[in-house]
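Chemist: everything below, folded, please.
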Amino acid sequence: MVLTVMAIVCCAISMNNAANLSKFAFNAEPRAFQQAARWYYTRFYASAVFWTMQAALSAVVFLATLLRRRTIY
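Modeler: Numbering: from 1, shown residues only. As a prediction, this is how the structure comes out:
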């Protein structure tokens, strides 16, 4: 359960960073700043997707563990 909560928090932080960075990804001067901002935005977005998947998988494992304990006893 703790891993699920940590993954959700990391996902929220990554999404917040991507949202804050997205305004710099367009119309930045010089062009190198625009390319760098786009690169960081892509990485933060990919990180958010990764943490979302991690949270979902951790929740499934947690629920499966609870159901297994309930049926064994």
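Chemist: just the pLDDT at the residue positioned nearest the centre of the chain, thanks.
Modeler: With distances taken as C-alpha atoms, centre = their mean, A48 lies nearest the centre of the chain, 2.1 Å away. Looking at A48, its pLDDT is 88.
Chemist: which non-adjacent residue is nearest it?
Modeler: With C-beta to C-beta, 6 or more residues apart in numbering as the criterion, A48 has its nearest non-adjacent residue at 3.9 Å, and that residue is S14. No exception for glycine: its C-beta is placed from N, CA and C like everyone else's.
Chemist: distance of that neighbour from Q54?
Modeler: 11 Å (C-beta to C-beta, to the nearest Å).
Chemist: quick one: which of those two has more around it?
Modeler: The neighbour comparison of S14 against Q54 (other C-beta atoms under 10 Å) goes to S14, with 20 against 17.
Chemist: and that one, backbone torsions?
Modeler: phi -60, psi -40 (degrees, to the nearest 10).
Chemist: residue contacts, it?
Modeler: Shown in contact with S14 (C-beta atoms under 8 Å, 6 or more residues apart in numbering): 44-45, 47-48, 51.
Chemist: kindly reformat the residues you listed as TSV containing secondary structure.
Modeler: What follows is the contacts of S14, written out as TSV (DSSP: H, G, I helix; E, B strand; the rest coil):
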residue	secondary structure
F44	helix
Y45	helix
S47	helix
A48	helix
W51	helix
